[in-house]
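>>> Here is a sequence with its predicted model. Questions after.
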Amino acid sequence: MLGDEAIARGAVEAGVRFVASYPGTPSTEITVKLAEYGKKLGFHVEWSANEKVAFEAAYGASLSGLRAFVGTKHLGMNVLSDSLLVAAYGGTRAGLVIAVADDTHPYSSQNAMDSRHYCRLVNVPCVEPSDPNEAKEAAKFAFDLSERYSLPVILRITQRLAHARGAVELDEIPSNQDVTAEFQRDRSRFVLLARQAFERRRWLIQQMNVARRDLSSSGQRIFDSGDKLGIIGVGIGTTYVLSIATELGLSDLSMMKLSVTNPLPEESILSFANEVSELLVLEDGDPIVEREIRNLLQMNCVIKRVHGKDDGVIGFEGELTPDKIVSGLHALGLVDGETRHEEKIDVIPRIAGLCAGCPHRASYFVIKEVLSGKGGGIVTGDRGCYNQGANFPIEAFDTCMDMGASVGIAYGLAKSGVDRPIVAVIGDSTFFHAGLPALENAVVNQAAFTIALLDNGWTSMTGQQPSFTTGIDLMGQTAPIMKPEDIAMAMGVKCVKVVDPLDVELAKQVFREALEQDEVSVVIFRRECALQELRRIRAAHRKIEPYFIDPEKCTGCRVCLMKTGCPALRFDGGKMSIDQSDCTGCGLCVYACKYDAIHKGRS
């Protein structure tokens with residue numbers, strides 16, 4: 001199984017009955033797999049509006065006596081943290097587990113972040129598995145810890161474990177999972193005003209002190225050779241060391257694995273530290289455990305050198321890799337070579353981009369064409385598959401931060417008095433995730449800018465999950481369709497238009513009129529994700545009629561390529577051509593060609 005899938009299996013074996021998440025790489029597959037189990041076993045699984053809503057829903061389920069689960073990536077931890085910090089004071093009833101997958105490189109995120117900081121900030125336990133089989137067991141263990149201490153528990157992995165495959169030993173799924181939900185009133189716990197919060201903080205600290213005593217000896221010895229260097233492995237770091245030891249024939253290691261990293265197993269660490277002359281801590285992310293071990297040793301008058309990221313023995317930037325560990329072992333004199341001698345595979349570099357036929361490509365074409373006619377403008381971007389429009393050659397927007405920020409930043413620019421057309425680009429799923437408060441703010445405070453809402457009907461960036469505009473839910477059931485235009489008008493936006501971005505001339509006219517408003521205007525560019533459209537066409541055994549370029553008319557100017565960035569376009573021998581196996585027949589390139597060289601049909 002994938003590590004993500006193994007966590008899902010562990011949650012099911014633990015008797016989970018309520019799952020709420022928001023898609024986010026590298027965590028998405030956990031909830032996708034849980035949905036498969038949910039359909040068979042009859043428990044609830046949903047994509048929520050955002051991670052804060054997901055956590056609050058799962059917390060409510062926990063208070064009603066159902067074991068509940070939230071899956072998120074590290075960025076989602078920021079969104080749900082407000083609720084998590086308070087929920088820890090109230091505590092849980094049934095088990096509540098938050099599985100967070102950190103993108104530590106980052107490969108698919110706008111920042112790299114170590115979610116374990118939240119474990120310390122919130123004062124809740126943290127479990128870190130080292131391989132897919134342990135990930136399954138960690139999910140079950142996390143539910144047990146949650147109920148033992150009446151606290152939410154964070155199960156933290158990184159992208160390498162999330163998407164690694166490994167053998168997983170399956171246990172039985174509980175046969176009788178019928179649980180009657182019932183909320184038991186306890187205002188001293190769940191009405192967290194200032195007076196109650198003061199008392200509950202005292203309780204929270206006491207609970208974590210009990211956990212610290214209970215888990216103090218939970219560190220697991222793997223090797224115990226009495227070597228001068230003691231290695232402490234955390235999460236994927238443990239798996240890497242085991243692999244390296246086998247590959248390089250290292251048989252004289254002393255090593256301990258930490259599966260619980262908050263609270264630290266202090267007794268195990270102190271005992272291990274007293275048997276070696278120095279320590280090396282391997283963890284993917286920030287040197288959190290490394291620093292806590294230094295503090296622990298100092299508090300107990302144990303004088304030992306602790307190596308890791310702080311002293312540069314292990315490279316700090318990017319994810320933890322086997323090569324970084326080998327380099328660290330070389331620096332400490334344990335191996336001869338600085339790196340392993342791996343066979344290098346040449347991978348052709350590529351720039352992430354929008355798919356052929358993607359309606360967002362047409363939306364950006366319209367936006368840029370209209371703005372160029374007005375002498376240019378400012379386009380604030382957002383998070384979703386449409387942010388690939390920032391790459392060459394489209395280069396469609398000027399800022400890209402986090403979900404919902406495009407509307408907030410555009411508002412700030414407009415209210416600052418910037419005298420240029422301002423456009424905020426946001427997707428349909430992101431609009432419901434974080435765009436609504438920013439739109440409310442812009443309307444009430446009377447700013448003037450245009451929101452280009454790119455509605456393709458799916459949460460495509462993370463793998464085609466349904467959004468609130470799709471009409472189905474995660475379980476495949478028919479769901480109400482939320483229409484952004486209805487919500488925008490209900491919020492007081494007077495100029496709200498809906499247009500197909502591939503109807504280019506009409507879309508340009510509509511967008512031009514929206515820019516001329518002296519208040520907030522919204523243009524919804526609505527066309528379904530091209531991948532979904534292609535799936536239906538192929539399922540119906542219909543053929544796509546592609547386009548071709550007449551070489552006699554083509555001048556080789558490459559304007560079609562530079563304006564659309566379509567991956568089906570090719571430039572070779574001084575002429576453009578269309579790879580008809582990639583072409584979806586959208587026809588956007590026709591609008592970019594000034595020489596009438598592009599026509600529908602097979603070449």
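Nice, I can see it. Numbers count the residues shown, from 1 in each chain.

>>> Show me the strands in the stretch 251-400 of the chain, by range?
Here the stretch 251-400 of the chain has its strands, by DSSP state E, counting those that start in this stretch, at 254-258, 260-262, 278-282, 305-307, 378-380.

>>> now those in TSV, with mean neighbour count?
Bear in mind the C-beta positions are built from the backbone N, C-alpha and C, glycine included. Shown next, in TSV, are those (neighbours: other C-beta atoms under 10 Å):
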stretch	mean neighbour count
strand 254-258	24
strand 260-262	23
strand 278-282	23
strand 305-307	19
strand 378-380	24
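
>>> Nearest to residue 203, out of those?
strand 260-262 (17.6 Å; C-beta to C-beta).

>>> for the closest one, packing partners?
With contacts taken as 3 or more C-beta pairs under 8 Å, 6 or more residues apart in numbering; DSSP states H and E, strand 260-262 sits against helix 116-122, strand 126-127.

>>> Figure out which of the ones you listed is closest to residue 424.
Closest approach to residue 424 among the helices and strands packed on strand 260-262 (C-beta to C-beta): helix 116-122, 29.5 Å.

>>> Quick check: buried residues in the closest one?
Using 16 or more other C-beta atoms under 10 Å as the test for burial, helix 116-122 gives 116, 118-119, 122.

>>> re the thing from before, and the helices and strands packed on strand 260-262: which comes nearest residue 22?
Residue 22 lies closest to helix 116-122 among these, at 16.6 Å (C-beta to C-beta).

>>> Which neighbouring elements make contact with that closest one?
Contacts defined by 3+ C-beta pairs under 8 Å, 6+ apart place helix 116-122 against helix 74-90, strand 153-158, strand 260-262, helix 288-299.

>>> max-length helix in the protein?
Assignment by DSSP state H gives helix 194-214 as the longest helix of the chain.

>>> next SSE after that helix?
Using DSSP states H and E, the next helix or strand after helix 194-214 towards the C-terminus is strand 220-224.

>>> Next, the angle strand 254-258 makes with that following strand.
Interaxial angle, strand 220-224 versus strand 254-258 (axes from the mean of the first three to the mean of the last three C-alpha atoms, to 10 degrees): 170 degrees.

>>> Pull out the buried residues from the lowest-mean-pLDDT helix or strand in the chain.
The helix or strand of the chain with the lowest confidence, counting by mean pLDDT, DSSP states H and E, is strand 220-224 at a mean of 83. For strand 220-224, the neighbour count (16+ other C-beta under 10 Å) marks 222-223 as buried.

>>> For it, enumerate the helices and strands it packs against.
On a contact count with 3+ C-beta pairs under 8 Å, 6+ apart, strand 220-224 meets helix 236-248, strand 254-258.

>>> Count the neighbours of residue 174 for me.
Residue 174 has 11 neighbouring residues, counting by other C-beta atoms under 10 Å.

>>> Please apply the same query to residue 506.
Burial measure for residue 506: 13 neighbouring residues, criterion other C-beta under 10 Å.

>>> ditto for residue 465
The tally of other residues near residue 465 (other C-beta under 10 Å) stands at 21.

>>> For it, which residues are in contact?
23, 28, 32, 47, 458-459, 474 (C-beta atoms under 8 Å, 6 or more residues apart in numbering).

>>> so can I have JSON lines of the residues you listed showing secondary structure, neighbour count and distance to residue 134?
Listed next are these as JSON lines, based on DSSP: H, G, I helix; E, B strand; the rest coil; neighbours: other C-beta atoms under 10 Å; distance: C-beta to C-beta, whole Å:
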{"residue": "23", "secondary structure": "coil", "neighbour count": "26", "distance to residue 134": "25"}
{"residue": "28", "secondary structure": "helix", "neighbour count": "24", "distance to residue 134": "21"}
{"residue": "32", "secondary structure": "helix", "neighbour count": "21", "distance to residue 134": "21"}
{"residue": "47", "secondary structure": "strand", "neighbour count": "26", "distance to residue 134": "27"}
{"residue": "458", "secondary structure": "strand", "neighbour count": "22", "distance to residue 134": "34"}
{"residue": "459", "secondary structure": "strand", "neighbour count": "28", "distance to residue 134": "30"}
{"residue": "474", "secondary structure": "coil", "neighbour count": "23", "distance to residue 134": "27"}
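
>>> Please convert the residues you listed to CSV, extending it with pLDDT and distance to residue 157.
Formatted as CSV, the contacts of residue 465 follow (pLDDT from 0 to 100; distance: C-beta to C-beta, whole Å):
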residue, pLDDT, distance to residue 157
23, 96, 16
28, 97, 13
32, 97, 16
47, 97, 20
458, 91, 26
459, 91, 21
474, 94, 21
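
>>> Name the nearest of those relative to residue 524.
residue 458 (15.0 Å).

>>> Verify the stated contact: the closest one with residue 472.
No - contact criterion C-beta atoms under 8 Å: residue 458 and residue 472 do not qualify, at 10.1 Å.

>>> Name the residues contacting each of these two.
Applying C-beta under 8 Å, 6+ apart, one finds that residue 458 and residue 472 are jointly contacted by residue 466.

>>> And for residue 446, the neighbour number?
Residue 446 has 12 neighbours, counted by other C-beta under 10 Å.

>>> quick one: contacts for it?
residue 519.

>>> do that again at 10 Å, thanks
Counting by C-beta atoms under 10 Å, 6 or more residues apart in numbering, residue 446 makes contact with 414-415, 492, 518-520.

>>> ranking those by neighbours, who comes first?
In terms of neighbours by other C-beta under 10 Å, these top out with residue 520 at 29 neighbours.

>>> how far away is that one from residue 441?
Residue 520 sits 10 Å away from residue 441, going by C-beta to C-beta, to the nearest Å.

>>> who touches both of these two?
407, 411, 447.

>>> and the last one, helix, strand or coil?
Pointing back at residue 447 there. What DSSP: H, G, I helix; E, B strand; the rest coil gives for residue 447 is coil.

>>> Skipping its backbone neighbours, what lies nearest it in space?
If the residues on either side of it in the chain are set aside, residue 447 comes closest to residue 414, at 4.2 Å by C-beta to C-beta, 6 or more residues apart in numbering.

>>> Let me know the helix or strand that that neighbour is in.
Counting by DSSP H and E, residue 414 is part of helix 405-415.
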